[in-house]
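S.K.: Need coordinates for the below:
(chains A and B)
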Amino acid sequence: MEGGRDDAALVQAAQDGDQGAFGVLVARHGASVLSVTTRMLGPADAEDAAQDAFVAAFTALASFKQESKFSTWLYRIAVNKCHDRLRARRVFDVSIDEEHDDGWEPPDDETPHWELEQSEMAEAIERGIRDLPPLYRESFVLRHVEGLDYDEMSAILDAPRDTVKMRVYKARGLLCRALAHLSGAYR
Amino acid sequence: MTHLSMHRDDTHLLAQRFVDQDLTAAERESFADRMGRDGGLRHRVIALQGVAAAGSRLARPTVSAAFVAGVLERTAAVTKRPARVSRIAPPEAGQADTAKARRSLDDQRRSLAFLWTPHTMQWNLAQAAAVLLLAVAAGFGVARTIGPGAPAATSAAATPMPVMVRLVVLQPDARSVNAVGDFNGWDPGRTSLQQVSSGVWSVTLPLEPGRYEYMFVVDGQRWVGDPAAIEQADDGFGSRNAVLEVLPHGAPL
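M.R.: Predicted coordinates for the structure are as follows:
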């Protein structure tokens, strides 16, 4: 069935001027891009940034050689669009990184107790993600919300695999701490 | 870095790698042994696993009609596609009157600014294979035309000019897609969509300005509404019809 065409075939068709094929790619990957932009920027800017990402992808499509997966390339564009907007808000500083250890290991008495209902947990995690420094935020989102492996994340974030790993570790530690405070408040 | 913090980091790194299932068999065995003896460590690992699992369970955003339509509108602007005036049939009645025919074509060209403005329809992409009514979009050909059997000379003054409205639907697994609605008496046999590419089905309809309710019929039996539509109406049978508002030429959007 033609509708089952994979990304590579759709990209090829879109490169040949088939706008319908690009529409299918937007529909197929829209949720992933929106997931990243929503969690990186918040709901107010998320759709605009996601549209910017798709339009940038469309504009650059001729230069996309299919050496990586389309989704990897698209994630990278989306992440960069988020960086642009965070810089414009003056909240994104690339220098925030590994040297800046903000206590990623939660003390023993600051671990969550998982007494929250599932919906409360989702809300708490969303809030915790929003409060993470952007580099940790994007790493956590790509790793756990989007379910990517470190190699793909390394390509998307243009950072060495081990660096990306450390960011994910720190993000998880910070989230544990944030949730521990929260579950403490619930008690 | 002090020896103490090295030790702390080592434990923590092992815990993080354990969560990623990134330990060798020997490391895993040794670490599990440590967790068995150290309740605090066990507690921390469970917490780390918990945030990872909670992240993976977060809801996926829903892709709205306006979102895809917006992207396609903007990409159509990027390509700057030439106006497809040649695809619009000149009015048959105008053949006898060259001046009228030319004036009519001039009108068409003048209105292209409006023609390329998307009249966004509703769509639904709750599931991967769900109906996707993309848009009546720039580049896809929303075109003013002369209605069949409506001579230009009379239709211009008396009745509103029909608007060519293209319905675009994503139904990758369908064998056939038909549109039913107020515009065809809800008769599934009258308006079939053609697969134009990649599971994208399309039909172009000349519709007079007005409000139309509609649904799609997939493979002749599955009636598909549009729960995500911007505007919907109860169909009286427990489902929701999508609503299509066809605006007159030149109407502000």
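S.K.: I'd like to know how many residues surround residue 12.
M.R.: Picked chain A for this. For A:Gln12, the neighbour count with other CB atoms under 10 Å in any protein chain shown is 13. Yep, even glycine has a C-beta here, placed from its N, CA and C like the rest.
S.K.: actually it's chain B I care about, not the one you picked
M.R.: For B:His12, the neighbour count with other CB under 10 Å is 19.
S.K.: Okay, and it sits in which element?
M.R.: Under the criterion of DSSP states H and E, B:His12 resides in helix B:3-19.
S.K.: I'd like to know how far the one residue in the stretch 1-150 of chain B that gets nearest to chain A sits from B:Gly189.
M.R.: Among the residues of the stretch 1-150 of chain B, B:Gly55 lies closest to chain A, at 3.3 Å counting by CB to the nearest CB. For B:Gly55, the distance to B:Gly189 (CB to CB, to the nearest Å) stands at 50 Å.
S.K.: contacting residues for the residue of the stretch 1-150 of chain B closest to chain A?
M.R.: A:Ile125, A:Ile129, A:Phe140, A:Val141, A:Arg143, A:His144, A:Val145 (CB atoms under 8 Å, 6 or more residues apart in numbering or on different chains).
S.K.: State the distance from it to A:Gly147.
M.R.: B:Gly55 sits 9 Å away from A:Gly147, going by CB to CB.
S.K.: And for A:Asp162?
M.R.: For A:Asp162, the distance to A:Gly147 equals 20 Å [CB to CB].
S.K.: what does A:Ala13 give?
M.R.: Relative to A:Gly147, and taking CB to CB, A:Ala13 is found at 27 Å.
S.K.: Quick one: mean pLDDT for the longest helix along chain A?
M.R.: Looking across chain A with DSSP state H, the single longest helix is helix A:161-186. Mean pLDDT, helix A:161-186: 84.
S.K.: so where do the helices sit in chain B?
M.R.: B:3-19, B:25-37, B:39-56, B:65-79, B:98-110, B:112-115, B:152-155.
S.K.: should've said chain A
M.R.: Per DSSP H, chain A carries helices over the ranges A:7-15, A:19-41, A:43-59, A:70-88, A:118-131, A:134-140, A:150-157, A:161-186.
S.K.: And the third one, what does it pack against?
M.R.: With contacts defined as 3 or more CB pairs under 8 Å, 6 or more residues apart in numbering or on different chains; DSSP states H and E, helix A:43-59 has these neighbours: helix A:19-41, helix A:70-88, helix B:65-79.
S.K.: Which among these is found nearest to A:Cys176?
M.R.: Judged by CB to CB, the one of the helices and strands packed on helix A:43-59 that comes nearest to A:Cys176 is helix A:19-41, at 17.9 Å.
S.K.: just the angle between that closest one and helix A:70-88, please?
M.R.: Interaxial angle, helix A:19-41 versus helix A:70-88 (axes from the mean of the first three to the mean of the last three CA atoms, to 10 degrees): 40 degrees.
S.K.: what about the nearest residue to A:Arg137 once chain neighbours are set aside, distance to A:Ala171?
M.R.: Counting by CB to CB, 6 or more residues apart in numbering or on different chains, A:Arg137 lies nearest to A:Ile129, which is 5.8 Å off, once chain neighbours are set aside. Computed as CB to CB, the A:Ile129 to A:Ala171 distance reads 8 Å.
S.K.: Identify the contacts common to those two.
M.R.: Both A:Ile129 and A:Ala171 are contacted by A:Arg137, A:Phe140, under the criterion CB under 8 Å, 6+ apart.
S.K.: Just the buried residues of the helix or strand of chain A with the lowest mean pLDDT, please?
M.R.: When the helices and strands of chain A are compared on mean pLDDT, DSSP states H and E, helix A:161-186 comes out lowest with a mean of 84. Across helix A:161-186, burial judged by 16 or more other CB atoms under 10 Å in any protein chain shown covers A:163-180, A:182-183.
S.K.: One more: stretch B:26-33?
M.R.: Neighbour-count burial for stretch B:26-33, counted by 16+ other CB under 10 Å, picks out B:Phe31.
S.K.: What of stretch B:186-198?
M.R.: Neighbour-count burial for stretch B:186-198 flags B:Trp186, B:Pro188, B:Thr191, B:Leu193, B:Gln195, B:Val196, B:Ser197, B:Ser198 (criterion: 16+ other CB under 10 Å).
S.K.: got a list of contacts for it?
M.R.: Residues outside stretch B:186-198 that contact it (CB under 8 Å, 6+ apart) are A:2-3, A:5, A:10, A:13, A:18, A:20-21, A:24, B:167, B:169, B:172, B:176-180, B:183-184, B:201-203, B:205, B:216-217, B:220.
S.K.: Domain-wise, how is the chain divided?
M.R.: No chain specified, so I'll use chain A. Chain A is divided into the following domains under automatic domain parsing: A:2-88, A:108-186.
S.K.: You answered for a different chain; I wanted chain B.
M.R.: Taken from automatic domain parsing, chain B resolves into B:3-56, B:65-246.
S.K.: Which of those domains has the lowest mean pLDDT?
M.R.: Lowest mean pLDDT within the domains of chain B: domain B:65-246, at a mean of 57.
S.K.: how long is that domain end to end?
M.R.: Domain B:65-246 has an end-to-end distance of 16 Å (CA to CA, to the nearest Å).
S.K.: try stretch B:186-206
M.R.: 16 Å.
S.K.: In chain A, where is pLDDT below threshold?
M.R.: Along chain A, the parts satisfying pLDDT under 70 run over A:1-4, A:91-116, A:182-187.
S.K.: try it again with 90
M.R.: A:1-5, A:17-21, A:23-24, A:27, A:65-67, A:87-123, A:177-187 (pLDDT under 90).
S.K.: residues in the stretch 151-253 of chain B within reach of chain A, list them.
M.R.: B:168, B:170-174, B:195-200, B:202 (CB under 8 Å from any CB of the partner chain).
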